[in-house]
Structures are given as C-alpha cells and as structure tokens.
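Visitor: starting from these lines, generate the structure:
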Amino acid sequence: MTASTPEAAPIADDDLVNLLAELVRCESPDPPGRETEIAECIRERLEGHGIEAVLDEFAPGRANLLGRVEGTGERPALVFSAHMDTMPPGTQPWRHGPYSGTVEEGRMYGRGTCDMKSGLAAMIAAAVALKDAPEPLEGDLVLAFSGGESSNCLGAKVFAKNGALDGAGALLVGEPSSLKVLTAEKGALWLRVTAHGRSGHASGGPGDEANAILKLVSHLDRLRNLPVLAGEHPLLGSASVGVGRIDGGTAVNMTPDRCDAEIDVRFLPDQDPDAIERAMAEVAGNNLEIERIDCKPAVETPVDHPFVATCLDACAGELGAADGPYGVSYFSDSSVLVPAFGLPRVIVGPGELGLSGAHDEYCEIEKLHAAARIFQRIATLTLGGDAAY
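Guide: This next block holds a predicted model:
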C-alpha cells in the first residue's frame, strides 16, 4: 500500500513550529540532562491526542518516554527513535539565545534545533497524524524517546534492559541527516591511555626519559596508524583515531610523572574493537597503560533491505527524489537498540549533517515540515492504513 497524497494537516504548520520552539525552551543539555521536564511536555501533548505515553524516570531528573499508536496487530511495530537531551550550549555568545527558539529567515535557532529536537517534533507530528487518520494502522507505531543519548546512550540501555521494543519490525531514527537516507554508522571505541614517569625539579631532575608527557606523545602517532584500522567501507570510508583530551603535569618547573590521553576510535562494521584495543596494547608495550572507557558498535542495514527501500520511496514521494543511501561517522541510540532487538535501522532527520553541537545551531523550517510528512509516509508504507499530514 502506498501513502496517500496529503489532503489536510491535523497539526497546522504553525503548530509544528510552536511545538519545536516549546521543546527547545525545555532546557535539556547533557550534562546534566534533566529530560523529565521535556518528557512531561511531550507526554501531555501525546495524551491530548489520545496517544498512550509512559514516562520512566530512570535516574533523578533523567527520563525516557515510551508512546504507542495502537494498530490492528497484523504487522510488527515500527519504532520512531529520538533523544530528548542536547549538547551543552558552550560559552560563546549566541546570535539568539540558545534556548529561545527564535525563527528568522526560514530557520529556527537554538540548542537542539538540529540535534535533534526537530526530528523529535516531526515524529510527534507524524504520530498525531497517524492517530487521527480514518483507518487504523495494521501495526503499532512505537515512540521511543530517550534521555542521556549524549551520555553513552543511557536511555537506550534502559529500553534494551526492559525489553521495551520486543516484537518490533523496524527502527526509524530521526538524527540529523539533511533528509538524506543513512543506513550505516561507524562504531565508537573510547580509550584512556596513561603514561607514567618520575617527578623531579626541572633544574636538575630525572630528564626527558622520565617525562610522562613526552613518553605518551611519542606513542600517539603509532597508536593512530595501526594496520588493524586499514580498509575502506563503501558508505563510511576509513576508520579514524582522534585525541580528544590530554592531561598531565602539575607545575611548569616539575617533570610530570603521569599523563593521560583520551582517544576516540571510529571503526567500521567489519573491524573488531577488541582487536583494535589489543593492537594498541601491543604498540604501547610496557610504556603505556590502555583502559577502555566505552564502546558503541558499528551499525549497518544492508542497502537492499526492504525497509531501506521503503524509506527511499517515502523520501522520493515527498522530495521528488531520494538522496542515499549513505553512511555517517556519528553514533546514535542505534548502537544499543539494533544489537538488543535485531532491528533493521534507517536514519532520516531534518537537522543538518555536521551541525550537531554547533554554535548558533539551527533547523530549516521547510525541512522540519518535510520530515514530518516523510515520517508519516514511512509509517504508512510500513504499517498500512491511510493518514494525511
């Protein structure tokens, strides 16, 4: 069954823009998160349209929200996935307040407008449209809105532990994609590398061989250019190794006896993070200690999977032509939900690729509305029924 041509919008254009502004004004930077307020806001909105929604405060001030548009049970559920937390706004002054939701020249500005409250708002709009449709869906539409995605996918891990998405058939993630269809994402292996030295006064101390900072820095290039990281993926390119933080030394005139670096390895679906960590340990030898901080697996849905075709068809139906499939270097809640529930996953979202966490973050209003219609089309193609956004 194909999606019908929209004839009426259950949520008016201004209402969707106002909803996004309301979500942006619910401050939820991670840390500390504080998603309970925005989760309450969304629950009231959903329940006002007759959509069941359960708020789970899994830690003080931190929450997931699980909603459901019930279908007839003839098809497996489709999951709409979005996170409610954002990156912090930073210290640089914004053109508009980071939590203002100001609209100017076809764009809304504010923290989370791109990543990913625009996707969140568009999914809410699509769910309301489907709930108000004259014919019920043939399967449930599940709204899995998480907290703590930026803090190591905390909310997604709670969904996985609780079996919240058991029996679902597919996962649509509203992360920023510029409305491109993304089917692959790199894994993220975070490591802490520590070098030990021997302290002493710089005027006559133990010398460079005991300098922990120099010892660590001398190994960094070797850690970043390991044969185990070689190879190319048709959608993701090559693996990468970034050094995000270095901490060492206590005074300018003291030889540092310890230095730590935190390394971000973005690896490909066919690369084993355990093998990467072992290779780094071999290079480090007795000179460095290596400790795993976190690991999020790479996730990939085959480009010829039927759900990928559905998403491409929905984008083409709205935009005239689909753009994709592609891969992306960021991680999402998919890294937890896909392994936990064995779901095919596609990312489509109105936020701009590369704008996540940026100063003066924004979302184009036109793409916000297009995303809501694309989400509705994907659900209609996947679950049947007839709905108009």
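
Visitor: not counting its own residues, what contacts the helix or strand where Gly169 lies?
Guide: Per DSSP states H and E: Gly169 is located in strand 168-173. Strand 168-173 has contacts (Cβ atoms under 8 Å, 6 or more residues apart in numbering) with 75-82, 139, 142, 165, 307, 311, 332-334, 337-338, 341, 343-349, 375, 378, 382. All C-beta atoms are positioned from the backbone trio N, CA, C, and that covers glycine.

Visitor: neighbours of Thr255, how many?
Guide: Residues lying near Thr255 (other Cβ atoms under 10 Å) number 23.

Visitor: so it makes contact with Ser203?
Guide: No. Thr255 is beyond contact range of Ser203, at 10.4 Å (criterion: Cβ atoms under 8 Å).

Visitor: can you name the residues bridging to the residue nearest to Pro297 when sequence neighbours are not counted?
Guide: Nearest residue to Pro297, sequence neighbours excluded (Cβ to Cβ, 6 or more residues apart in numbering): Gly187, at 5.0 Å. Listed beta-bridge partners, Gly187: Phe267 (assigned using DSSP bridges).

Visitor: ok, Gly187 to Asp264 distance?
Guide: Noted for Gly187: a distance of 11 Å to Asp264, by Cβ to Cβ, to the nearest Å.

Visitor: and the residue nearest to Pro297, how many neighbours does it have?
Guide: Neighbours around Gly187, by other Cβ under 10 Å: 23.

Visitor: you'd agree it is up against Cys295?
Guide: Yes. Under the criterion of Cβ under 8 Å, Gly187 makes contact with Cys295 at 7.1 Å.

Visitor: list residues touching both of the two?
Guide: With Cβ under 8 Å, 6+ apart as the test, Gly187 and Cys295 both reach Pro273.

Visitor: quick check: end-to-end length of stretch 197-210?
Guide: Terminal residues of stretch 197-210 lie 5 Å apart, using Cα to Cα, to the nearest Å.

Visitor: farthest from the middle of this protein: give me that residue.
Guide: Distance from the centre of the chain peaks at Gly204, with 50.9 Å (Cα atoms, centre = their mean).

Visitor: show residues contacting the very next helix or strand once past the strand holding Gly169.
Guide: Under the assignment DSSP H and E, the closest C-terminal helix or strand after strand 168-173 is strand 182-185. Strand 182-185 has contacts (Cβ under 8 Å, 6+ apart) with 175, 233, 235-236, 269, 298-303, 305, 308, 324-332, 334-335, 345-348.

Visitor: how about stretch 303-310?
Guide: With contacts defined as Cβ under 8 Å, 6+ apart, stretch 303-310 is touched by 170, 181, 183, 235, 301-302, 325, 344, 346, 378, 381-382.

Visitor: mind saving the C-alpha coords of that stretch as PDB?
Guide: Provided in PDB are the C-alpha atoms of stretch 303-310 (Å, rounded to 0.1, in the frame of the first residue of the first chain):
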ATOM      1  CA  VAL A 303      21.300  -1.200   1.300                       C
ATOM      2  CA  ASP A 304      19.000  -3.800  -0.400                       C
ATOM      3  CA  HIS A 305      16.900  -4.300   2.700                       C
ATOM      4  CA  PRO A 306      13.100  -3.700   2.200                       C
ATOM      5  CA  PHE A 307      13.000  -1.100   4.900                       C
ATOM      6  CA  VAL A 308      15.700   0.900   3.200                       C
ATOM      7  CA  ALA A 309      13.600   0.800   0.000                       C
ATOM      8  CA  THR A 310      10.600   2.000   2.000                       C
END
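
Visitor: could you list the low-confidence segments of the chain?
Guide: Applying pLDDT under 70 to the chain picks out residues 1-13, 205, 385-389.

Visitor: point me to the residue sitting closest to the centre of it.
Guide: Ser332 (3.2 Å).

Visitor: check contacts around that residue.
Guide: Counting by Cβ under 8 Å, 6+ apart, Ser332 has contacts 81, 149, 173, 175, 185, 299, 347.

Visitor: between these, which is nearest Glu35?
Guide: Checking the contacts of Ser332 against Glu35 with Cβ to Cβ, the nearest one is Glu149 at 9.7 Å.

Visitor: look up the closest residue to the closest one, ignoring the ones flanking it.
Guide: His83 (3.5 Å).
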